[in-house]
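Novice: generate a structure from the sequence data that follows.
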Amino acid sequence: MNESDLDAEDFLELLWGEDEGWIELPAKVNGYWVPWQLFWPPSQDTIVSNRIDQCLHDEEDLYYSVAMFREKGRNIEHVMPTGWLWADLDEVHPSTAVDMGIMPTVAIESSPGRYQALWRLTRKLKTKDTERLNRGLTYALGADKGGWDLTQVLRIPGTRNFKYPGGPRVRMLWYNELVYEPRDVWAMVKEHVPAAELVAATDIVLPKRDIPHRARRLLAARPEETVDGERSDKLFELNCLLAEAGCEDEEIYDLVVNSAWNKFAGRGSSSRTQLMRDIRRAVTHVKKKVRAKKVEQAVKADGSDQPLLVGWEKAGKLPRVSIKTLVNMEIKEPDWLVEDIWTAGGRGILGGEPKTSKTLLAMAMGMAVASGQPFLGEFEVIDSGPVLMIQNENRVKMMQDRARGLMAKMGISKDEETPMWTVDNVGFDLDYDRHLEILEADINDLRPKLVIFDPLINMVGDVDSDKSSAIQPILNELIRMGVSYKCAILIVHHAAKRSQNTPGRRAGQRLLGSTALHAFNESMLFASHLDDHRDGWSALTIDREFRSFEPQTPIRMAWHLSTTGMDIELTSQNKEGLLVETVREEGPLTIKQLVEKADSLQLERKAILRLVDKSPVLKRTHGRGRIVWIEYIGNNGASPTRVNGQALR
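Specialist: Purely as a prediction, here's the structure:
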C-alpha cells in the first residue's frame, strides 16, 4: 500500500484501533513541548482532525507516542501493553530492515533522508518485553539509540516537519499487512544488543563528511599535547576547519566539546553557551571568506578590477533630490504605533535599571499591538497587527505567567487567536549571519508591525557594545529591516551604572554602551525603580523620548501578578497640566529654570514655549537682556510687573 492510502487520522486509527487508553499528541514549539492528551477512542470524530489541522496551521511540529497510557500524561509507569515495535531509524533507510528479513509494517520518511519504522506483532507485550525487543531492533539496524524507549514520540505521516525550510511532508513510504511473532524478532536481533549500551562521553564519532586531515589531527590530540596559551587559537582553527567541511553548528559542537582544545570545559552551565558562541563566530568567519571569494571570482569573470556594486553605487551617482522636489514631495506625517508611547515603524530602545519590569513592558506592548487593546489599559493602539518577540533571558515559565496575567487584564481569552509569536532562549544572535537570514525570512513571512529583541546584551555574541564601530553594523541591519518591511523595532537594553558625576542625564544618555545606541532611537522608554512596600507589588517610572514628537511626562506604574490575572496601577499627568502646576507653585520661573527641572517635566525649551503659547493661564514675558520669564496669570489675566525685584516689559 502506498503513502496516499493512509492520511494522518487513518494512520492513528491503524495504530490504536478499538483499544482504550490515554494517548499523547504533543507538539514541539521552539524547543519546548506542548502536551496534548486524549482518551481513545475519541468521543467526537473531529477532535483529532482539529488537533492535526491546528498544528499544521500554526506550523507546530506534531508527534505521537506509540504506546497508550493508563493515566493522563506520558509517564513510563503508566505505559500499557502494546502490539507494536518501533525504531527511530534516523539516516538508516528502512530497506536495511528488509535486507535483514524484518521488513517494517509501516515505513515513514520523517524528513528528507531521515526515517522511522513500526512492526506489528501477533500479540500485545508487557512493557519489559517491548523494551527489550525495541532495544534489539535499534542496535541491529544501527538506528538512533535514544529512540527505543516506551515514551518515545515519533512524527505522524501526513503532517509536516517544520524544523526544515518549507516544512517538508512527513511521508508514509509503505504500509503492508506483515505481522511478526515476538520470539522470531528476538531471535534475529538479540545478538546485536551489547553488554554495555552506553557510549563513553569522550568518544568522538566523526560525521559522514570529508573531514580535513588537519582537523582530524586536532580532534585526536591528547590533553598533555596542548599548551594553555594556544588553546584559543587552536579551538578557533578547528571550528573553522569543520565549518569549511560543511559541518553545522551542532555537529561541530558534538565533535569539539570533548576535544583537548575546548577551553570552556568545566565552566558549569555556561560552558555550552560559550563554546557555541565560539563556533558561531568561526562559522560566520568562514561564510564571510566564502562570500569574499565569490565576489572575487565574479569580478574576475567580469574582466574588471572594480568591486561589484549595487543600487546607486552601480549607477555611479548619488541619489540626489533637488530642494524644489523635496519641498513638493507628499510625505506622510509621522504617526503613532501606540499613542504617546511608540512611533509607527519607529526604532528604539526600552531601557532601564535592573528589575524594572522591562520584559513585562515589552510583552505588554507586543500584546497590545497584536490585539488592538490599549497598552497598559490607557494608551491607544493606532496601528495593530502581528508581533514577533525574541528573548534570550527569561525562563519560559515566567514568560507564560506574565502572558497569562496580561491576557486576563486585557480581557483576551486563552483560546483567542492573537497574532503574536515568541522565540524563547534559542541562542538567537544578531552577530550571526545565518540567524539574521532566518530572522529576515520570518519578518517577510509574518509582516509584523513590531519586532522585539530582549535583551540586546544577550544577542550580540562577543561584540563590544561600548564601541560604536562594533555595535553600529548590527544596528544598521535592524534599521534596514525596519525600513524594508515597515515594522517598528524595539530593543530591550540595560542602563549604565549610576554615577554621582552625571546627575540629571536624559533617559537615552543613561543607556549602557556606545552613544550609537542613543542615536539609534526614534522612540525611547526608560524604566526606573520606585519603592512600593506592598507585598508582591513592583513600581517604576517610565520616561519617554521621541525624535518626531515632543517629550512626554513620565508615567508612574505599579503592578502585581495574582492568581486571577494582573493588577496595574497607572498615573500619568498631562504635559500642560504639569507645567502649569510647576509655574503656579514655584513661579514665575525663567525658561532656563524650567529646563533645569527636566527630571520632573521631561520638557525642552521649544516644547515649553509651545505649551505656554497654547495655555490660557500661562504667559511668557521678556525681562532684561534675553531672559524669558514664564508666569501664571490664572483666569483673570492679571500679571505681576516685577519678578524677584526685576522689572518686566
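Novice: what residues are up against I443?
Specialist: 388, 451, 481, 485, 487 (C-beta atoms under 8 Å, 6 or more residues apart in numbering). The C-beta positions use only the backbone N, C-alpha and C, and glycine is treated the same way.
Novice: would you check how far apart it and M172 are?
Specialist: Counting by C-beta to C-beta, to the nearest Å, the gap between I443 and M172 amounts to 35 Å.
Novice: show me where pLDDT drops low in the stretch 1-150 of the chain?
Specialist: 1-5, 30-32 (pLDDT under 70).
Novice: how about the strands in it?
Specialist: Secondary structure of the stretch 1-150 of the chain by DSSP state E, counting those that start in this stretch: the strands cover 21-24, 27-29, 32-34, 37-40, 61-65, 82-90, 106-111, 114-125.
Novice: again, but for the stretch 151-300 of the chain
Specialist: With DSSP E, counting those that start in this stretch as the criterion, the stretch 151-300 of the chain has strands spanning 153-155, 171-175, 179-180.
Novice: just the buried residues of stretch 213-230, please?
Specialist: For stretch 213-230, the neighbour count (16 or more other C-beta atoms under 10 Å) marks 215, 218-219, 226 as buried.
Novice: hmm, I was thinking of stretch 475-491
Specialist: Those buried within stretch 475-491 under the rule 16+ other C-beta under 10 Å are 475, 477-478, 481-482, 485, 487-491.
Novice: distance between that stretch and the chain's centre?
Specialist: Relative to its chain's centre, stretch 475-491 lies at 16 Å (C-alpha atoms, centre = their mean, to the nearest Å).
Novice: cool, stretch 267-287 as well?
Specialist: 18 Å.
Novice: residue contacts, the spatially closest residue to G366 that is not a sequence neighbour?
Specialist: Nearest non-adjacent residue to G366, counting by C-beta to C-beta, 6 or more residues apart in numbering: V387, 4.2 Å away. Listed by C-beta under 8 Å, 6+ apart, the contact set of V387 reads 366-367, 369-370, 419-421, 448-452.
Novice: picking up where we left off before, closest one of the contacts of I443 to V283?
Specialist: M481 (21.2 Å; C-beta to C-beta).
Novice: Provide the secondary structure category for that closest one.
Specialist: helix (DSSP: H, G, I helix; E, B strand; the rest coil).
Novice: could you pull up the residues touching it?
Specialist: M481 touches 439-440, 443, 451, 487, 489, counting by C-beta under 8 Å, 6+ apart.
Novice: pLDDT added to these, as JSON lines?
Specialist: As requested, those are arranged in JSON lines below (pLDDT from 0 to 100):
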{"residue": "L439", "pLDDT": "93"}
{"residue": "E440", "pLDDT": "91"}
{"residue": "I443", "pLDDT": "92"}
{"residue": "V451", "pLDDT": "97"}
{"residue": "C487", "pLDDT": "94"}
{"residue": "I489", "pLDDT": "96"}
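Novice: just those: which are in helices?
Specialist: In this view, the contacts of M481 that belong to helices under DSSP state H are 439-440, 443.
Novice: now, among those residues, which is nearest to T105?
Specialist: L439 (42.5 Å).
Novice: by mean pLDDT, flag the weakest helix or strand of the chain.
Specialist: strand 642-643 (a mean of 37; mean pLDDT, DSSP states H and E).
Novice: quick one: the strands in the stretch 501-649 of the chain?
Specialist: So, for the stretch 501-649 of the chain - with DSSP E, counting those that start in this stretch - the strands run 523-530, 537-546, 552-562, 565-572, 589-590, 618-622, 628-632, 642-643, 646-647.
Novice: the stretch 351-500 of the chain too?
Specialist: 387-391, 420-424, 450-454, 488-494.
Novice: give the burial count for R169, as a bare number.
Specialist: The number of residues packed near R169 is 15, by other C-beta atoms under 10 Å.
Novice: circling back: can you add neighbour count and distance to D149 and give the contacts of V387 back as TSV?
Specialist: TSV is the format used below for the contacts of V387 (neighbours: other C-beta atoms under 10 Å; distance: C-beta to C-beta, whole Å):
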residue	neighbour count	distance to D149
G366	28	38
M367	22	39
V369	28	43
A370	24	39
P419	15	38
M420	21	35
W421	19	32
P448	25	40
K449	23	44
L450	29	42
V451	25	39
I452	25	38
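Novice: among those residues, which one sits closest to L89?
Specialist: The closest of the contacts of V387, once distances to L89 are taken by C-beta to C-beta, is W421, at 32.3 Å.
Novice: okay, and the beta partners of the closest residue to that closest one other than its chain neighbours?
Specialist: Of all residues not flanking W421 in the chain, L388 sits nearest, at 5.4 Å (C-beta to C-beta, 6+ apart). L388 has these beta-bridge partners by DSSP bridges: W421, V451.
Novice: can you check W33 too?
Specialist: K28.
Novice: how many neighbouring residues does it have?
Specialist: 13.
Novice: correct me if wrong: it contacts P26.
Specialist: Yes: shown here, W33 and P26 form a contact pair, counting by C-beta atoms under 8 Å, at 5.3 Å.
Novice: mind giving me the domain ranges of this structure?
Specialist: As assigned by automatic domain parsing, the chain contains the domains 3-192, 201-330, 336-572, 575-647.
Novice: of the strands of the stretch 351-500 of the chain, which is nearest G405?
Specialist: So among the strands of the stretch 351-500 of the chain, strand 420-424 is nearest, using C-beta to C-beta, at 14.9 Å.
Novice: does anything pack onto the closest one? Which helices or strands?
Specialist: Secondary-structure packing of strand 420-424 (3 or more C-beta pairs under 8 Å, 6 or more residues apart in numbering; DSSP states H and E): helix 358-371, strand 387-391, helix 396-410.
Novice: in JSON lines, list those along with distance to W186 and mean pLDDT.
Specialist: Output for the helices and strands packed on strand 420-424, formatted as JSON lines (distance: least, C-beta to C-beta, whole Å; pLDDT from 0 to 100):
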{"stretch": "helix 358-371", "distance to W186": "54", "mean pLDDT": "95"}
{"stretch": "strand 387-391", "distance to W186": "49", "mean pLDDT": "95"}
{"stretch": "helix 396-410", "distance to W186": "42", "mean pLDDT": "91"}
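Novice: compare those and give me the one nearest K592.
Specialist: Per C-beta to C-beta, nearest to K592 of the helices and strands packed on strand 420-424: helix 358-371, 33.2 Å.
Novice: what about the closest one, distance to the chain center?
Specialist: 14 Å.
Novice: just the CA coordinates of that helix, formatted as CSV?
Specialist: Extracted as CSV, the C-alpha positions of helix 358-371 are listed here (Å, rounded to 0.1, in the frame of the first residue of the first chain):
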residue,chain,number,x,y,z
LYS,A,358,11.4,45.8,31.1
THR,A,359,10.4,42.4,29.7
LEU,A,360,6.9,42.8,31.1
LEU,A,361,6.6,46.2,29.4
ALA,A,362,7.9,44.9,26.1
MET,A,363,5.5,41.9,26.3
ALA,A,364,2.6,44.2,27.2
MET,A,365,3.3,46.5,24.3
GLY,A,366,3.5,43.4,22.0
MET,A,367,0.2,42.0,23.2
ALA,A,368,-1.4,45.5,22.9
VAL,A,369,-0.3,45.9,19.3
ALA,A,370,-1.2,42.3,18.4
SER,A,371,-4.7,42.5,19.9
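Novice: quick one: list the elements packing against it.
Specialist: strand 336-338, strand 347-352, strand 387-391, helix 396-410, strand 420-424, strand 450-454, strand 488-494, strand 523-530.
Novice: what's in contact with the longest one?
Specialist: Helix 396-410 is contacted from outside by 32, 359-360, 363-364, 367-368, 371, 373, 377, 391, 413-414, 418, 422, 424-425, 561-562, 564-568, using C-beta under 8 Å, 6+ apart.
Novice: what sits against the residue nearest the centre of the chain?
Specialist: For the chain, the residue nearest the mean C-alpha position is I390 (2.4 Å; C-alpha atoms, centre = their mean). I390 sits next to 422-423, 428, 439, 451-454, 459 when contact means C-beta under 8 Å, 6+ apart.
Novice: no more questions from me, cheers.
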